[in-house]
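[1] my questions concern the predicted model and sequence given below.
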Amino acid sequence: MRVLGISAHYHDSAAALLVDGEPVCAVQEERLSRRKNDAAFPLSAIEWCLEQGRLEPDQLDAVVFYEKPMLKFERILTMALRGFPRTWRSFPRAMQNALGGKLWVKGIIRSQLGVRTDRILFCEHHQSHAAAAFLSAPTRSAAILTADGVGEWATLTLGRGEVDEDGSTRIQLLREMRFPHSLGMLYSTFTAYLGFPVNEGEYKVMGLAAYGNPTYEGLLKRIARRTPDGGIALDLSWFDFHQSARHSYSRKLVAELGPPREPWDPIDLQSADGRRYADVAASVQRVLEEILVDLARRLQRETGLQDLCLGGGVALNGVANARILRESGFRNVYVPSAPGDAGCALGAALYADRIHFARPHRPVADHPYWGPVADAGELSRVAAEDGFQPLRLPEAELIRRVADELARGRIVGWMQGACELGPRALGNRSILAAPHQHAMRDRLNRSIKYREEFRPFAPAVPLEHADRYFELPAGGGRLARFMSGVFPVRPEWRDKLAAVTHVDGTARLQTVDQAMAPAFHALLEAYGARTGIPVLLNTSFNLAGEPIVNRAIEGYSTFRRSGIDLLVAGDSLVVKDHSAQALPEVA
Ligand SMILES: [Fe+2]
């Protein structure tokens, strides 16, 4: 049985291929098209997946789309009619923005791939999120919570998943919250108010929140009233997203909070406006956390289960995830590497296999590396043509050399194996650096990442050493496997981990499992042997505004255009002769 899953036309398109119940590969379109958050029909991703499986489209048993376009159309039409006549001008734009080519997606799939219509299936959006979260987690019985902006109608679902002895699988979504009442929309509205791009800048709001106080919490609680079942009802007088495709908040919100931040205005945390923005961020973050923790706690009591699987874009909020783990009563919280819509391609394919075709459960390999492999030969070739002298080194020597250079304060572009699925670099497409001094953060911001100063960098640490440096609750090491939780850095290490410790003393760490990423794990250990601290700063391998690098040649181009000192792809190493001045040794 060969199943292709597709997510497209909203944000971050992707494709995933499942053969006989096991994922073969999955990739976001942006990694191939090189357009960040590419939402186009993911033809390149599909072609690449089929190539990996050595399949022609007509050999596919099913192509599964990650949501039901007609239901989404119904929602947009209903909202437009409810707001008539105020909404009639914005209706065509809303249709275009929200649906794009989606309504005719069956026709697109048939014409682009030549797949028979009866092989094209549709999975509900939150079923795709739920399947991505539950069916990829190492558990056979778990509660499920999904939350995002909106799919068709649902914006948040609560449910459970079970795998029986005989391998039959059930996913039941017991309750749902419906548009326009949406935690994701609430958070995105304030993301827009704070001048960050919606669907991309949410993590900046989370980073900014640490600088503020939740002084607007009372207002937020009036805006998002709790309902007796634990959900929320948004007071729509503060919003505009439900009747406009252009604006997400209303004039009333501006009258209450003051002028919104313009995207190009720098955030000066010393100024009154800067502090106000931080307080707004802290308030919306606080309210999001409280609602999620409360919903998760209720779900734990209702199901009596130990495990919780989180899906949907809201599950990228690592601060909220860590609070759910600590406070909801669940022993384990699983978040896939791609809880957002890109991961729905894999989720929809898994849903079709296990539920629609009722095929037996197969455990999904517990890693995020489903994309194209970086080619060491390509790096050596391109670098040599460009006048460098690339080295091909045995792994132990390569790791020793890179660890030495990192300890000397050099910045390393690190490409190993297959590209990650999801927004985070988890050791296969990473920029690595020494985590000890503030100066490194400033240097990375200045010479490579060109990003806001308030945004923290993240550390990576071998799983077995994580407790020494970070305050992890039970289950924290697991939540940090794909960088899904934010946890306190132990106070005695904060000075020595200054470049990766956020202003509130926390870090969004990755715990590196040797079995999952052996070379990265070995590098951390070698760095620890050299400096006494097996922790590295790990940030995604891309420049601002570009997708994470995929091929070795893209890594090389980024290396040449930035302050990266060394570049590794597989066993190939390229070193800049006159790199930026190194920081003092840290040992
Ligand atoms: Fe979604």
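    Looks like it arrived, so ask away.
[2] mind checking how far Pro260 is from Ala224?
    19 Å (Cβ to Cβ, to the nearest Å). C-betas here are computed from N, CA, C, even on glycine.
[3] in terms of neighbours, single out the busier of these two.
    Neighbour count, other Cβ atoms under 10 Å: between Pro260 and Ala224, Ala224 has more, with 22 against 17.
[4] how close does that one get to His11?
    The value you get for Ala224 to His11, if Cβ to Cβ is used, is 23 Å.
[5] got the contact list for the residue in the chain that the ion sits nearest to?
    As assessed by Cβ to the ion, the ion sits closest to Asp148 within the chain, at 3.6 Å. By Cβ atoms under 8 Å, 6 or more residues apart in numbering, the residues touching Asp148 are His125, His126, His129, Thr155, Leu156, Ser182, Gly184, Gly312, Gly313, Val314, Gly340, Asp341.
[6] so how far is the one helix or strand the fourth one maps to off the chain centroid?
    So the one you mean is Thr155. Applying DSSP states H and E as the criterion places Thr155 in strand 154-163. Relative to its parent chain, strand 154-163 has a centroid offset of 20 Å by Cα atoms, centre = their mean, to the nearest Å.
[7] show me what that strand is packed up against.
    helix 125-134, strand 141-147, strand 169-178, helix 183-193, helix 272-303 (3 or more Cβ pairs under 8 Å, 6 or more residues apart in numbering; DSSP states H and E).
[8] could you identify the helix or strand that succeeds the helix or strand bottoming out on mean pLDDT in the chain?
    Least confident helix or strand, the chain: helix 91-99 with a mean of 59, by mean pLDDT, DSSP states H and E. Downstream of helix 91-99, the first helix or strand assigned by DSSP H and E is helix 105-113.
[9] beta partners for the closest residue to Thr303 other than its chain neighbours?
    Excluding the flanking residues, the one nearest Thr303 by Cβ to Cβ, 6 or more residues apart in numbering is Ala143, at 4.7 Å. Legend: beta-bridge partners of Ala143 under DSSP bridges are Arg160, Leu308.
[10] quick revisit: the residue of the chain closest to the ion and His11, how far apart?
    Counting by Cβ to Cβ - Asp148 and His11 are separated by 10 Å.
[11] so who does Ala384 touch?
    Ala384 touches Pro390, counting by Cβ under 8 Å, 6+ apart.
[12] so Phe179 sits against Thr78, correct?
    No - here Phe179 does not reach Thr78: they are 9.2 Å apart, not a contact under Cβ atoms under 8 Å.
[13] low-scoring stretches of this protein, by residue?
    77, 79-103, 244-246, 578-587 (pLDDT under 70).
[14] kindly report the residues of it close to the ion.
    Asp148, Asp341 (Cβ under 5 Å from the ion).
[15] can you give me the buried ones in the strand holding Thr155?
    Across strand 154-163, burial judged by 16 or more other Cβ atoms under 10 Å covers Ala154, Thr155, Leu156, Thr157, Leu158, Gly159, Arg160, Gly161, Glu162, Val163.
[16] just send those residues back as JSON lines, with distance to Arg34 too.
    Output for the buried residues of strand 154-163, formatted as JSON lines (distance: Cβ to Cβ, whole Å):
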{"residue": "Ala154", "distance to Arg34": "33"}
{"residue": "Thr155", "distance to Arg34": "31"}
{"residue": "Leu156", "distance to Arg34": "33"}
{"residue": "Thr157", "distance to Arg34": "34"}
{"residue": "Leu158", "distance to Arg34": "38"}
{"residue": "Gly159", "distance to Arg34": "37"}
{"residue": "Arg160", "distance to Arg34": "40"}
{"residue": "Gly161", "distance to Arg34": "36"}
{"residue": "Glu162", "distance to Arg34": "41"}
{"residue": "Val163", "distance to Arg34": "39"}
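[17] which two from these end up farthest apart in space?
    Thr155 and Val163 (26.9 Å; Cβ to Cβ).
[18] run through who's touching whichever helix or strand Arg326 is part of.
    Assigned by DSSP H and E, Arg326 belongs to helix 318-327. The contact list for helix 318-327 (Cβ under 8 Å, 6+ apart) reads 206, 209, 285, 288-289, 292-293, 296-297, 308, 310, 314-315, 330, 333, 335, 473, 475-476, 479, 483-487, 506, 508.
[19] 7 Å instead, please
    With contact meaning Cβ atoms under 7 Å, 6 or more residues apart in numbering, helix 318-327 is reached by 206, 285, 288-289, 292-293, 296-297, 310, 315, 333, 335, 473, 475-476, 479, 484-487, 508.
[20] now do the domain split for the chain, please.
    Domain segmentation of the chain under automatic domain parsing yields 2-136+345-366, 183-333, 371-581.
[21] end-to-end on the shortest one?
    So the one you mean is domain 183-333. 19 Å (Cα to Cα, to the nearest Å).
[22] what comes up buried for stretch 449-456?
    Buried, per 16+ other Cβ under 10 Å, within stretch 449-456: Lys449, Phe454, Arg455, Pro456.
[23] report the contact partners of the residue most central in space within the chain.
    Centroid-nearest residue in the chain: Pro423, 3.9 Å away (criterion: Cα atoms, centre = their mean). Neighbouring residues of Pro423 by Cβ under 7 Å, 6+ apart: Leu316.
[24] give me that answer again for 8 Å
    So Pro423 contacts Leu316, Ala338, Gly340, Ala342, Ser540 (Cβ under 8 Å, 6+ apart).
[25] number of residues surrounding Gln306?
    For Gln306, the neighbour count with other Cβ under 10 Å is 15.
[26] what's it in contact with, if anything?
    Contacts of Gln306 by Cβ under 8 Å, 6+ apart are Phe330, Arg331, Asn332.
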